[in-house]
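Undergrad: Predicted coordinates and the sequence they were generated for:
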Amino acid sequence: MILKADFHIHTREDPHDFIRYTAVELLAEAARQGFQVLALTCHNKRIHTDELRSRAEDLGILLIPGVEAAIEGKHTLLLDMPYSRLRVRNFKHVRALKKDGGFVIAPHPFFPAPKCLNGKLRENLDVFDAIEHSHFYTTTFNFNHKAIAYAQRMQIPLVGTSDCHRIWQLGTTYTLIDAEEKTLPSVFAAIRAGRVRVVTAPLRPLDRIREKWDGVTRPLRDTLRPLAPS
């Protein structure tokens, strides 16, 4: 069966980023777009609950517990793995966790930001099950090229994600998985076997302008909130 999936999504419950929509609202939009597999991956906080899992299941979505963890200061997606910020701080910890299962993705690994993996990916390649193709690129601005080439050279699966921080980003890039069934073991096995296809298109300039404008105007809107009557 072919499953539509996204493994990198942030919601309002994220402790590090300002995000307008909740996990519940995200699940509703994902169901509307026909997603069948999702991971909610807030920064350094696993927000997965039985209530969210059950709500996702009612919407036809397999919800994978996830987190975008800072491992040795570098963003790393940990799926279906126990997580504590104080106990999972380096790649030695991640290796130990993987003995009991789970799945690790390298998000936006070669983007020019201090928290992107870059050399840490090469040093710890054995830890990673897949490399991310991010939604954030245009026809003239694309840091995914290096990730694509590296994944091909090292024969590591490439998965597409939205790294969603704004609801319009959901569905801009995603993964189609040819899995035997809609279960965690089957999904992970299909990706490791390379039975995946990235569906993506470059962002339009208007999307980039909208994203930048929102970041500029939000502090101003917060400053101009009406005063409560005295």
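TA: Done, it's in.
Undergrad: got the residue ranges for the helices in the protein?
TA: 23-32, 50-58, 91-98, 119-123, 144-154, 184-192, 205-223 (DSSP state H).
Undergrad: could you dump the ones you listed to a markdown table with mean neighbour count?
TA: For every residue, glycine as well, the C-beta is placed using N, CA and C. Shown next, in a markdown table, are the helices of the chain (neighbours: other CB atoms under 10 Å):
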| stretch | mean neighbour count |
| --- | --- |
| helix 23-32 | 18 |
| helix 50-58 | 14 |
| helix 91-98 | 16 |
| helix 119-123 | 15 |
| helix 144-154 | 15 |
| helix 184-192 | 18 |
| helix 205-223 | 11 |
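Undergrad: could the ones you listed go into JSON lines alongside mean pLDDT and distance to I177?
TA: Output for the helices of the chain, formatted as JSON lines (pLDDT from 0 to 100; distance: least, CB to CB, whole Å):
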{"stretch": "helix 23-32", "mean pLDDT": "98", "distance to I177": "15"}
{"stretch": "helix 50-58", "mean pLDDT": "97", "distance to I177": "16"}
{"stretch": "helix 91-98", "mean pLDDT": "96", "distance to I177": "20"}
{"stretch": "helix 119-123", "mean pLDDT": "97", "distance to I177": "22"}
{"stretch": "helix 144-154", "mean pLDDT": "97", "distance to I177": "16"}
{"stretch": "helix 184-192", "mean pLDDT": "98", "distance to I177": "5"}
{"stretch": "helix 205-223", "mean pLDDT": "51", "distance to I177": "26"}
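Undergrad: Can you lay out these as a markdown table showing distance to D6?
TA: As requested, these are arranged in a markdown table below (distance: least, CB to CB, whole Å):
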| stretch | distance to D6 |
| --- | --- |
| helix 23-32 | 7 |
| helix 50-58 | 12 |
| helix 91-98 | 22 |
| helix 119-123 | 21 |
| helix 144-154 | 16 |
| helix 184-192 | 12 |
| helix 205-223 | 17 |
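Undergrad: Quick one, which of those gets closest to I2.
TA: Closest of the helices of the chain to I2 is helix 184-192, at 10.0 Å (criterion: CB to CB).
Undergrad: Output the contacting helices and strands for that closest one.
TA: strand 62-71, strand 173-178 (3 or more CB pairs under 8 Å, 6 or more residues apart in numbering; DSSP states H and E).
Undergrad: So for C42, which of these sits nearest?
TA: The nearest among the helices and strands packed on helix 184-192, by CB to CB, is strand 62-71 at 6.6 Å.
Undergrad: what's the spacing between the closest one and its chain's center?
TA: Here strand 62-71 is found 8 Å from its chain centre; the criterion is CA atoms, centre = their mean, to the nearest Å.
Undergrad: tell me what it is packed against?
TA: strand 2-9, strand 37-40, helix 50-58, strand 74-79, helix 91-98, helix 184-192.
Undergrad: quick one: contacts of the last one?
TA: Under the criterion CB atoms under 8 Å, 6 or more residues apart in numbering, residues 3, 5, 37, 62, 64, 79-80, 103, 129-130, 157, 159, 175, 177-180, 196 lie in contact with helix 184-192.
Undergrad: Let me know the angle separating it from strand 173-178.
TA: With axes from the mean of the first three to the mean of the last three CA atoms, to 10 degrees as the basis, helix 184-192 and strand 173-178 are set at 110 degrees to each other.
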